[in-house]
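1. no sequence on hand, only this structure:
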């Protein structure tokens, strides 16, 4: 009689740890209820790894490697190309993650339809939608081309045969968690399957030079589902961010071997698909209230592009022993630090106030250049005094209340001048180092107290 433990095992869906019995907590990564039973089936005969992607390469001296410039392949979506670094690189593997319904498949379909209309053969492999469902969705975003080939398939070996026969210019896999290889006995979406299929796709892309776009599911924590090794294997990792209740979507790179990781792409979700937002500053400030206490505009650098955003603050007396601190779009720890500086250095008793912070438009700000704007919004709400509507606030704040300089000051001021701002309150000494646009006046402050005196 065969022991059941020899036929199955329990694998952690977060890190891949294997155990002969079920455990409530993974001993390796510490996740609870992440171990799932998988069947240890022997590999089938057709599950041999594909070796048809060209002959074995021999080591050559680096000095003999050709430096010929391989042009990038633009997708036709400027915001997408900006995040990629200028377009798709031959043989690169791009992993795109995001919440369900955020628009990952729509973005992929729009980009591939644009490439196919330029004459490039494109293969779109979907493991979640049928061919008819893809056709219905394509009717919303544009007209299809004869160069765009779609297939509903989940077995990697069959997909490999299609790639060898069609030889597409670009390949899309939607999504990687639905694919499986017959060489692995576990179920589709398991750690072993995701790791094996991603490895095979990466080898195929490097050998054939086909740029490959891979869509990945995300966990409840927002990370791409599967082993952490998945992000190390690919060349570029993109995250599609945004709230489904908002119309704006932000495409952000967290890893890019062929470009900057600071660039972002801004899209607007419409009935006809995703539309590019060429001027994000105008969109984020379009509905800004006038003469509203607690509303402050600042400039955040996203890669090489400055974006003007509105920071909102609301303070109200608390009825609890410990005041609430609710923060959206900002680092909560950073906001608590700035609130402490405002209370200590400026004498504002925020310890008895509930504090609510928000960045309008669903944008997330991480750089310290917005510190002074955050503190100005808190002070304006506490004093119940509005600021001038044409004022921009910039500066990093230290624990002693000093205001430090920020990078790319000229680019930020030029963007502010273009949007009609005529006044900027910033760090001391900034006017001596940069060229200020003629339509904007820079007022420098030595510290937080001095800045608040200028603003109010």
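-> Received it, and whenever you're ready, just let me know what you need. Keep in mind the model is a prediction, meaning the values are calculated, not measured.

2. strands along the stretch 51-200 of the chain, start to end?
-> 93-98, 122-126, 148-152, 170-174 (DSSP state E, counting those that start in this stretch).

3. show residues contacting the longest one.
-> Contact with strand 93-98 is made by 84, 88, 104, 107-108, 176, 201-202, 205, 211-218, 223-224, 230-231, 233-241, as judged by Cβ atoms under 8 Å, 6 or more residues apart in numbering. Quick note: C-beta positions are derived from backbone N, CA and C, even for glycine.

4. now, of these, which are buried?
-> 84, 88, 104, 107-108, 176, 201-202, 205, 211-218, 224, 230-231, 234-241 (16 or more other Cβ atoms under 10 Å).

5. keep only those of those residues that are in strands.
-> Assignment to strands by DSSP state E places the following of those there: 212-216, 236-241.

6. and which of those is nearest residue 143?
-> residue 213 (21.0 Å; Cβ to Cβ).

7. residue 170 is in contact with that closest one, correct?
-> Yes - with contact defined as Cβ atoms under 8 Å, residue 213 reaches residue 170; the gap is 7.1 Å.

8. got any residues that touch both of the two?
-> residue 88.

9. not counting sequence-adjacent ones, nearest residue to residue 424?
-> Spatial nearest neighbour of residue 424, chain neighbours left out: residue 392 (4.4 Å); criterion: Cβ to Cβ, 6 or more residues apart in numbering.

10. how far away is the one you found from residue 375?
-> Using Cβ to Cβ, to the nearest Å, residue 392 is found at 15 Å from residue 375.

11. what does residue 265 give?
-> 30 Å.

12. more crowded one of the two?
-> residue 375 (30 against 27; other Cβ atoms under 10 Å).

13. tell me what the helix or strand hosting that one is packed against?
-> Taking DSSP states H and E as the definition, residue 375 sits inside helix 371-383. With contacts defined as 3 or more Cβ pairs under 8 Å, 6 or more residues apart in numbering; DSSP states H and E, helix 371-383 has these neighbours: strand 295-302, strand 305-317, helix 332-346, strand 353-359, strand 391-393, strand 396-397, strand 423-427, helix 448-455.

14. so for the fifth one, what gets flagged as buried?
-> Yep, that's strand 391-393 we're talking about. 391-393.

15. just give me how far it sits from the chain centre.
-> 27 Å (Cα atoms, centre = their mean, to the nearest Å).

16. thought residue 393 was touching residue 300?
-> No - in this structure, residue 393 is not within contact of residue 300 by Cβ under 8 Å, at 11.8 Å.

17. the residue nearest to residue 424: what's it in contact with?
-> With Cβ under 8 Å, 6+ apart, residue 392 has these contacts: 297-299, 308, 412-413, 416, 421, 423-425, 440.

18. pick the one among those closest to residue 286.
-> residue 308 (11.0 Å).

19. what's the local residue count around the closest residue to residue 452 other than its chain neighbours?
-> Nearest non-adjacent residue to residue 452, counting by Cβ to Cβ, 6+ apart: residue 379, 5.6 Å away. Neighbour count for residue 379, taken as other Cβ under 10 Å: 25.

20. what of residue 451?
-> Residues near residue 451, counting by other Cβ under 10 Å: 27.

21. tell me what the residue lying closest to it once chain neighbours are set aside is bridged to.
-> Once flanking residues are discounted, residue 451 sits nearest to residue 445: 3.7 Å by Cβ to Cβ, 6+ apart. In this entry, residue 445 is beta-bridged to residue 427, by DSSP bridges.

22. what about residue 291, distance to residue 384?
-> For residue 291 relative to residue 384 (Cβ to Cβ), the value is 12 Å.

23. next: residue 361.
-> 24 Å.

24. contacting residues for the closest residue to residue 78 other than its chain neighbours?
-> Among residues not flanking residue 78 along the chain, residue 276 sits closest, at 6.1 Å (Cβ to Cβ, 6+ apart). Residues counted as contacts of residue 276 (Cβ under 8 Å, 6+ apart) are 77-79, 265-268.

25. residue 72 too?
-> Residue 72 touches 81, 84-89, counting by Cβ under 8 Å, 6+ apart.
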